[in-house]
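Colleague: A predicted structure for the sequence below; I have some questions about it.
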Amino acid sequence: MSSSPDPAVADQLRSLKRLRRLKYLLWSVLLAAVLGVTYWGLGFIGFQPNVVAGRLPAMYEFISTGFFPPDFQNFTIYTKDEGITGLQAIPASFGDGGARIVESFQSPRQTLVKASLVTLLLGFMGTVFAFPFALILGVLGSERVTPFPFNFIFRGTLSGIRAIPAIVWIFLYIPVGPPGQVTAVLAIATDSIGNLGRLFTDDLEEIEEGRSRPFGRRARRAPKR
Amino acid sequence: MPTIEFENVTKLYGEDTVALDDVSFTISEGEFVILLGPSGAGKSTMLRVLNGLTQPTEGSVRIGDREIQGNRSEVGMVFQEHYLIESKTAFGNALSGALSRNGLVQSALGMHAESDKLTALEALQTVGLLEEAGQRAESMSGGQKQRVGIARALVQEPEIVLADEPVASLDPKAARDVMRYLKKAATEQDLTTITSLHQVNIAREFGDRFLGIRDGEVIFDGDADDLTMDEMDRIYYGSTQDDTTIPTGTTTKEAGEADGGRRA
């Protein structure tokens, strides 16, 4: 097929090769810029890779001795008091028809099972609190509902919320209460507004035009036949 | 170029869904064959069997003196959904047809032989897209994308090209363009081409030979002159219909064109 290429084909191949060389050149410049800024950034913040590398064995030591083998003595009040350690603390905690778990939930003392319950509740309540706000902001953020550029007021709000990590929201909520479970719920709720709201906006935007048109303003005004 | 021989081919899906029912025919080298028939008649199954994408339950399919087993690189495929890489150029997409020769890693790294690059550009020239070689697929029209799909199949350097409803989603003008370029490629490279189509008028314009398929059986085999409206009704309805009916999958205009304005 290509024993003696057509002049037009040969010209086009040369042109594509020139474009490709240009593309490689631009990518090389971009790569050099990224590497340069990274190198400069490391120096600017005092990041010394050799120092970090030298401390990695200490990190390994910290994780391997602090977390392994897993010790579940703090799983429930029962295992704490009885001194049951290791993995066998888990089945022991579920004995007595669940009474040991309930006892741990009711006790003011801290246990793993109670901390797990608190974590789940924080997430659940945070999501429930976030839902109505996320729904309102998310729906209003869609161009299908609020005309461009006004929808960006709501999209921008959601983006702003997402730009701040949940851990920072906890610190921002300190005036409301000391860092703890209450501020954690508020922080999770705020963080969830940003993420859930974006989800609702995206879902609305992804609806095909054809499907949403019958429900639009123009369709409602159309005379019935 | 080899002949294609279907010999008593039956294809069942599950235990009782008959997609092809004891089908036998021979296609000579260089023929441009169009498969006609209502949806679910077995056209796509026939193409899939030919490409080795599915195996016949009974019978055999031979290309030349070899029986088809597994996917074959000498069979190029053009799909209804062109399956192009949208972020790549027409040239890059056409070059991906050389994948079977170069291997995945080499192709992914863009390390193509000079001869493959020339082949890709020549294929794009064949389908009238040489000037658009550097254009990204995402900015192309549906018809152009389908022509890139044809170019990709040509870069594979196939002996046979199969096209499964290649113009189903295109407007009549783009559909004609695509079929014109497909026919041109087939003629220039002496390729045996089998394509399924719903647009009867376009089929009559480009086909050398027509196979009418209904309920998994070939009920018509002839050229454009043999393809009368009664035959069309037989293919699409199973019997001759009233003049006011329109074959499945054709527009009123197309049906009108197909019978010289009788139904328009």
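Modeller: Sure thing, it's come through. Residues are numbered from 1 along each chain as shown, chains lettered A, B, ... in the order given.

Colleague: Surely residue B:61 forms part of a strand?
Modeller: Yes. The assignment for residue B:61 is a strand, going by DSSP: H, G, I helix; E, B strand; the rest coil.

Colleague: those helices in the stretch 101-250 of chain B, which residues are they?
Modeller: Under the criterion DSSP state H, counting those that start in this stretch, the stretch 101-250 of chain B contains helices at B:104-108, B:114-126, B:142-155, B:172-189, B:200-206, B:229-237.

Colleague: For residue A:12, report the pLDDT, please.
Modeller: Looking at residue A:12, its pLDDT stands at 92.

Colleague: so which helix or strand takes in it?
Modeller: helix A:7-44 (DSSP states H and E).

Colleague: Could you give me the buried positions within the helix or strand following that helix?
Modeller: Reading on from helix A:7-44 to the C-terminus, the next helix or strand found by DSSP H and E is helix A:49-67. Using 16 or more other CB atoms under 10 Å in any protein chain shown as the burial criterion, none of the residues of helix A:49-67 qualify. Using the backbone N, CA and C atoms, a C-beta is placed for each residue, glycine as well.

Colleague: which bits of chain B sit near chain A?
Modeller: B:91, B:115, B:117-119, B:121-123, B:125, B:130-131, B:133-134, B:157, B:189 (CB under 8 Å from any CB of the partner chain).

Colleague: change it to 10 Å
Modeller: Counting by CB under 10 Å from any CB of the partner chain, the residues of chain B close to chain A are B:89, B:91-92, B:110, B:113-126, B:130-134, B:154-155, B:157, B:188-189.

Colleague: Narrow those residues to just the buried residues.
Modeller: Applying 16+ other CB under 10 Å to the residues of chain B next to chain A flags B:89, B:91-92, B:116-126, B:130, B:132-133, B:154-155, B:157, B:189 as buried.

Colleague: Find the nearest non-adjacent residue to residue 190, please.
Modeller: You didn't pick a chain, so chain A it is. residue A:169 (4.9 Å; CB to CB, 6 or more residues apart in numbering or on different chains).

Colleague: I was thinking of chain B, sorry if that wasn't clear
Modeller: Setting aside the residues directly before and after it, residue B:190 is nearest to residue B:30 in space (CB to CB, 6+ apart), at 4.9 Å.

Colleague: Quick check: the residue minimising distance to the centre of chain A vs residue A:188, distance?
Modeller: Nearest to the geometric centre of chain A sits residue A:195, at 7.9 Å (CA atoms, centre = their mean). To residue A:188, residue A:195 is 10 Å away according to CB to CB, to the nearest Å.

Colleague: Mutual contacts of those two, please.
Modeller: Here residue A:195 and residue A:188 have A:127, A:130, A:166 as joint contacts, going by CB atoms under 10 Å, 6 or more residues apart in numbering or on different chains.

Colleague: quick one: which of these is nearest to residue B:226?
Modeller: Comparing those against residue B:226 with CB to CB places residue A:127 closest, at 68.2 Å.

Colleague: quick one, what contacts the closest one?
Modeller: A:134, A:185, A:188-189, A:191-193, A:195-196.

Colleague: Dump the residues you listed to CSV, plus pLDDT.
Modeller: Output for the contacts of residue A:127, formatted as CSV (pLDDT from 0 to 100):
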residue, pLDDT
A:134, 97
A:185, 95
A:188, 96
A:189, 96
A:191, 96
A:192, 96
A:193, 97
A:195, 95
A:196, 96
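
Colleague: out of these, which are inside strands?
Modeller: With strands defined by DSSP state E, no entry of the contacts of residue A:127 lies inside them.

Colleague: Which single one of the residues you listed is nearest to residue A:103?
Modeller: For the contacts of residue A:127, the nearest to residue A:103 is residue A:185 (25.1 Å; CB to CB).

Colleague: any idea how far that closest one is from residue A:127?
Modeller: Going from residue A:185 to residue A:127 by CB to CB gives 10 Å.

Colleague: And residue B:224, by the same measure?
Modeller: 66 Å.

Colleague: Residue A:128 reaches residue A:189, doesn't it?
Modeller: Yes. Counting by CB atoms under 10 Å, residue A:128 touches residue A:189, with 8.2 Å between them.

Colleague: neighbour-wise, which of the two wins?
Modeller: Of the pair residue A:128 and residue A:189, residue A:189 is the one with more neighbours under other CB atoms under 10 Å in any protein chain shown, namely 23 against 12.

Colleague: got a list of what that one touches?
Modeller: A:122, A:125-131, A:133-134, A:166, A:169, A:173, A:196.

Colleague: Residue B:193 - how many residues pack around it?
Modeller: Neighbourhood size, residue B:193 [other CB under 10 Å]: 27.

Colleague: can you tell me the helix or strand for residue A:115?
Modeller: Residue A:115 belongs to helix A:112-141, assigned by DSSP H and E.

Colleague: Now do the same contact list for the residue nearest to residue B:190.
Modeller: Residue B:30 touches B:1, B:3, B:186-187, B:189-193, B:208, counting by CB under 10 Å, 6+ apart.

Colleague: most neighbours, which of these?
Modeller: residue B:193 (27 neighbours).

Colleague: The residue nearest to that residue when sequence neighbours are not counted and residue B:76: what is the separation?
Modeller: Once flanking residues are discounted, residue B:193 sits nearest to residue B:186: 4.3 Å by CB to CB, 6+ apart. As judged by CB to CB, residue B:186 and residue B:76 stand 11 Å apart.

Colleague: Next one, pLDDT for whichever residue of the stretch 1-150 of chain B sits closest to chain A please.
Modeller: Taking CB to the nearest CB, chain A has its nearest neighbour within the stretch 1-150 of chain B at residue B:118, 3.7 Å off. Residue B:118 is assigned 93 on the pLDDT scale.

Colleague: same question, residue B:260
Modeller: For residue B:260, pLDDT reads 38.

Colleague: Same check on residue B:227?
Modeller: 88.

Colleague: For it, give me the backbone phi and psi.
Modeller: Backbone dihedrals for residue B:227, given as degrees, to the nearest 10, come out at phi -80, psi 80.

Colleague: same question, residue B:6
Modeller: phi -90, psi 120.

Colleague: Check residue B:83 too.
Modeller: phi 50, psi 50.

Colleague: Tell me how many other residues surround the nearest residue to it once chain neighbours are set aside.
Modeller: Computed as CB to CB, 6+ apart, the closest residue to residue B:83 that is not its neighbour in sequence is residue B:149, at 7.3 Å. When neighbours are counted by other CB under 10 Å, residue B:149 registers 28.

Colleague: and the closest residue to residue B:166 other than its chain neighbours, what does it touch?
Modeller: Spatial nearest neighbour of residue B:166, excluding adjacent residues (CB to CB, 6+ apart): residue B:78 at 4.9 Å. Taking CB under 10 Å, 6+ apart as the contact definition, residue B:78 lies against B:47, B:146-147, B:149-154, B:161-167, B:178, B:182, B:193, B:195.

Colleague: change it to 7 Å
Modeller: Going by CB atoms under 7 Å, 6 or more residues apart in numbering or on different chains, residue B:78 touches B:149-150, B:153, B:161, B:163, B:166.

Colleague: helix/strand/coil for residue 5?
Modeller: Because you didn't say which chain, this covers chain A. Using three-state DSSP, the structure places residue A:5 in coil.

Colleague: um, chain B though
Modeller: strand.
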